[in-house]
Structure formats: structure tokens, C-alpha cells
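Enquirer: Only the shape, not the letters, is given here:
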Ligand code: ADP
Ligand code: MG
């Protein structure tokens, strides 16, 4: 075997993204350098947990059954900080893979956000994303990583100044940990404070106090180690013994958030299945909340051994919840692949999901301000459950908060809506669009306003999906106000005088017939509106056709080739419409039909289908108008 002394180091270049990340870390993220320690300790803890897991099937990886431990060594004279673990370690190839590339998908997103962020927000970002090993270079001019993989007879040293390349060299076994990894930071001149016992101890307690592996500190060369953190998993303690501060610290440790969680769920289930959950609803949106993968981040432990964070302990619409589940009912040697099918896990899933939802219900009931904040952050995600979780859809729908035409700044529940329905009103009405402001000024609402009928304003993308999936709530069907004929006549209303009328004067009826034949390629029909009281026109979908907003989203996503044709409704009482209808000029009437259609499109947030023709028609109209005015 080669030894470190006679082997020449291999030189490797960092992947381009690593160089970019390192450059950014060193130059812009200066304000909160303490996080490097949290990152190294978290890696050391991960490595110990990996060993614990792998040695279940391969006991030879830890033949003496040594207890896992993390050691932090300070040396003021040498100006170094060392973080060492007796975990799984890394082989030559694993080191190149893990420390020379950016493997994590989150890191690329992080870099983009970091480049865009203002200086003050950068520290927060680091916390949220967890930038990992490379944060060492915020405090070190050179980093050495000496590692020996469990079960292997060789040890390697990785070494770099973080400027584009790193060296790899084999080292003698007596220069390396018996098993595991030693990270040596040669501190920058202005980072010497990290050799001080007090600051370092405080950072460890604050940021890593709840890693489930004990951490010991050696304050200077030759000193005895002292225990900083006992590695007892917080969730195994009973609730009465745990202070809010402990919960909050634990939450910060697993989420990287700087603030407290909105709510904490901690319980121990006994009976058919035995498990413990400690879960948090975060106080800020996790960075990966809108990832298309929609992965959750609940960690699964079996008898305190970390198994995976891919077990999908919670449904996707609760993916913002951070925490752990620890059970004694699964075998330790369960493979990560088959775990998904385990009936025990599905029972646990159900139990944990229920507890989280009950916690949200309690929050809504007892702390409406906190719940409002929750809804702002995670409402659009939770609403995915209304169509994904058949069993709990009613429960989730009751949790939902809506802006409606009945209130300006507050929100309402669907229960509030039903309680306040007008006499004769049989449906729950909603309107979909891309912004609340646009919706509030939509012509579709005019008739509903005139009759005093409340309409739910839905502007999240997910809102295009769930209402169509729910046929009713408490026996009342949900209906889009942009779909079908408005059956406003049935509702008595507060003030019937402003309500729309269905009949049209003869010339308007003739104009509608003309518009129908002119616009036959664009529209399914043109008809007198039963919902407009002020505006001239609006577009609606046919009674049984898909919602127009949903069609737009599907088209935008390339999932729909041709949208169905809408119906143009014309307000026969509108003064401009009546004037138009009284003009006897075929060209003018055709232009007017087209322009009214384009107006309806624009009111829906769309564009005229043929901008050039639109401009020409408008020009003809202008010259006509100015000619008449002379
Ligand atoms: P993350 O921990 O999120 O994967 P890091 O940048 O912190 O990202 O670490 C990158 C990788 O380097 C880890 O996934 C792991 O494979 C490896 N690694 C880092 N530190 C250690 C360690 N102490 N022991 C074993 N492997 C490690
Ligand atoms: Mg890490």
C-alpha cells in the first residue's frame, strides 16, 4: 500500500458550480459565519447515523460496537478548529464525489437566490438552505479532510484553499481516525475567535444542541474533553420535561429557520402501533416548498436510528411540516426501498397526518392571528389536499380561508359563507383568476353584487383544480360565476331593482344575431347576459364545459391543445350597447362586435386574439367618431 509520505498528491479541479459557490460564500456571506460549525456537526452526525444504519446488516463495519461521538478540538496556537466523528467515513471516490461537486439539487437554487438577495437577507438564506461543507471556507484559508471509510484499510486526505482545486493524497493509518472523518480548518486571520472555548461552546449549544449524537469539546491541545451536548434525542423525553425553548432550538436545528415554529406537535402513540412524533409547522416558507417534486422532509427513525427522510410520512400537501417520527414497530433492517409499502408505515402516516391537521384546527380556533400567518405561508399548499385527500377534503375545506366579495381585508371560511347564504340561493359561488384585485373588478360579479350574493375570490393556481373536484359542501353545489347561465333570478336578494334582466330590445336582439354570425369561429354563442348590470360584455364558459381559468392554466402548461369556445354575454341594458345597436352600418356593427369581444378578453386578463386587426378597427372607430364630432 502506498503511504502518504511517498505518494504524490492528485490534483483535482472543482466542478464549475462549486467554484462559483465558494467565491460567493467567501465574498458575500460574511455576516453569519457561525453556521460553518453547525454544518460540520450536522455532517458528522449524519455520518454517525449512516454507520448506525449500515452496521445493522453489516456488523463488521463497527465490530467493537463503539458508541457514536463527535469531537470538536480547538487549538489557539496552531489556529485550527477540528471536527471529528467516528461515523461512516468516506472512501477516495466518495470524497471526490461529495467534496468536489454540488450533488444537492437545493444548492443550485440556493445560489440563484443568493445572487439575487440583498445583503441583509443573505444570512437568513444560508440558514434556510444549509450550505453544508463549503461554508468552512468562510472561516478557513485551508481545509483538510482526513477520512477512513468504515471497513476499509486505506485513509485519504482531501485538502484545498477553496480557490478552484483540491489535492487528494493517501495518508498513513496512524495519521487518520480509526474510522470516520476529521475536518481540520486552518483559520483565516480574522476568524481566530473560533479557537475560544466560550464562543464555540455557545454556538454548539445554540445551533447543534439537539443533534442525536453526543458532542464533546477539547478546548486546547492536551486538555480533557468536556461534554457540550448529550445526544439524547429530545423527542424521547416527555412533554412535561421539555421547555418551549428546547422545542424551538430543536426546530431551528432541523429547519435552519431563525424564528420559532408556528406550532409544535409532539406526541407518543401507543396501542396498535407505537411511535413518537415531533413535528413543526414552520414560521417561514422552506426554500423547496414550490419544487415540482413536492417532497416532504419528515425524518423517519426506527428505535432512534435514522432511516430516511424519503419515507413520505406526511402527504404532499403537508410537505412544509418539518420533524421526525420514531417508531419501534418497524424492523431496523427494513430497506429504504420497501419501506413505502409497509402497512405499519401507512398506519403511522394516517395517525401523524391526523394529529397535524388537528393541531391546525386548534390553531385556527384558539390563535386566529397565528393561523392567519399560517394561511398566508402555506394555504396554497394545504389546498392541494382538498382534491388529493378524498377522506379529509371536508376537514381541509373547513380550514381554508377565503377572500370574498363580502369583506375587503378579512377572510372568511366556507362555513361563514354557507351560514350567510341568501334566501333562495342554492349554490356556493366562486370566481377564479390570477389576482384578487382583478377578480374584484370583474364584470362577472356585477349581477351577484346587485343581488347581495357573496362570491368566493380564488386566485391561487391550485384554486383552478379543487372546486371542480368537489361537487358540494354541506349539500350546496359549488358553481363558478363564469360558467353557464347565472340563475340569479331564483334568489330574492336584498335589492332586486339593480338586478340584470334577460329581455332585450329588438335592435339589441338583432345586433346579437349579427355578432353571433360574425364571431362564429371564435365563440360558441352570443347571448343576452343575466349577470351583468354595468359592463357591456363578459365571456363565460358553457354550463358543462371546463372552467375558463383551468383551461388557461392547462394551455399554458402545454397540456391542452385547443380550448373550448366561450360564450359572449352582452348586457342588453347597457347604454353603449343600445347605442351601437341603433346604428345602421354593417361595417361599423361588425367592428363593434369584434371590439366588444376583445374588450371582454382584456377584462379577463387576456389579449385580443389579433392585435393588428384590433388596432385597425379601433382606428376606423376613432376616425368615425372624430368625423362625427366636427
Ligand atoms: P449535505 O450534508 O447536505 O449532503 P454537505 O455539503 O454538508 O451537504 O456535505 C456534502 C457531502 O459530503 C455529504 O452528503 C456527505 O456525503 C459528505 N460528508 C461531509 N462531511 C462528512 C463526514 N463528516 N463524514 C462522511 N461524509 C461526509
Ligand atoms: Mg451537510
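Expert: Right, received. Where do you want to start? This is a predicted model, so every value here is computed, not measured. Ligands and ions are numbered 1, 2, ... in the order given.
Enquirer: any chance you could map the strands in the stretch 101-250 of the chain?
Expert: 140-148, 155-160, 165-171, 180-187, 215-218, 226-229 (DSSP state E, counting those that start in this stretch).
Enquirer: list the helices and strands the third one packs on?
Expert: Spelled out, that is strand 165-171. strand 10-13, helix 92-100, strand 155-160 (3 or more Cβ pairs under 8 Å, 6 or more residues apart in numbering; DSSP states H and E). From N, CA and C alone the C-beta is placed, and that goes for glycine too.
Enquirer: Same question for the fourth one.
Expert: With contacts defined as 3+ Cβ pairs under 8 Å, 6+ apart, the packing partners of strand 180-187 are helix 35-57, strand 80-85, strand 140-148.
Enquirer: ok, it: who's next to it in the sheet?
Expert: Taking DSSP bridges as the criterion, strand 180-187 forms sheet pairs with strand 80-85 (antiparallel), strand 140-148 (antiparallel).
Enquirer: Next: the last one.
Expert: Take DSSP bridges as the rule and strand 226-229 pairs in its sheet with strand 215-218 (antiparallel).
Enquirer: What parts of the chain come near ligand 1?
Expert: Residues of the chain lying close to ligand 1 (Cβ under 6 Å from any ligand atom) are 39, 43-44, 46-47, 85, 87-90, 98-99, 104, 132-133, 181.
Enquirer: Looking at these, which is nearest residue 401?
Expert: Among those, residue 104 lies closest to residue 401 (Cβ to Cβ), at 34.3 Å.
Enquirer: pLDDT score for that closest one?
Expert: Residue 104 is assigned a predicted lDDT (pLDDT) of 58.
Enquirer: Same list (the helices and strands packed on strand 165-171) but as TSV, adding distance to residue 519 and mean neighbour count.
Expert: Formatted as TSV, these follow (distance: least, Cβ to Cβ, whole Å; neighbours: other Cβ atoms under 10 Å):
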stretch	distance to residue 519	mean neighbour count
strand 10-13	63	12
helix 92-100	62	17
strand 155-160	68	22
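Enquirer: Out of the ones you listed, which gets nearest to ligand 2?
Expert: For those, the distance to ligand 2 is smallest for helix 92-100, at 9.5 Å, taking Cβ to the ion.
Enquirer: In a strand, residue 568, correct?
Expert: Yes. Checked against DSSP: H, G, I helix; E, B strand; the rest coil, residue 568 lies within a strand.
Enquirer: So what pairs up with it in the strands?
Expert: Going by DSSP bridges, residue 568 forms beta bridges with residue 526, residue 539.
Enquirer: I'd say it and residue 537 touch.
Expert: Yes. Taking contacts as Cβ atoms under 8 Å, residue 568 lies within contact range of residue 537: 6.1 Å.
Enquirer: Which residues are in contact with each of the two?
Expert: 596, 597, 600 (Cβ atoms under 8 Å, 6 or more residues apart in numbering).
Enquirer: between those, which is closest to ligand 1?
Expert: residue 600 (51.6 Å; Cβ to the nearest ligand atom).
Enquirer: so what's the backbone phi/psi at that closest one?
Expert: For residue 600, the backbone dihedrals (degrees, to the nearest 10) come out as phi -60, psi -40.
Enquirer: still on that earlier bit, now tabulate the strands of the stretch 101-250 of the chain in TSV and tack on distance to residue 620.
Expert: Formatted as TSV, these follow (distance: least, Cβ to Cβ, whole Å):
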stretch	distance to residue 620
strand 140-148	73
strand 155-160	71
strand 165-171	69
strand 180-187	75
strand 215-218	80
strand 226-229	79
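Enquirer: Quick check: which of the strands paired with strand 180-187 is nearest to residue 455?
Expert: strand 80-85 (58.7 Å).
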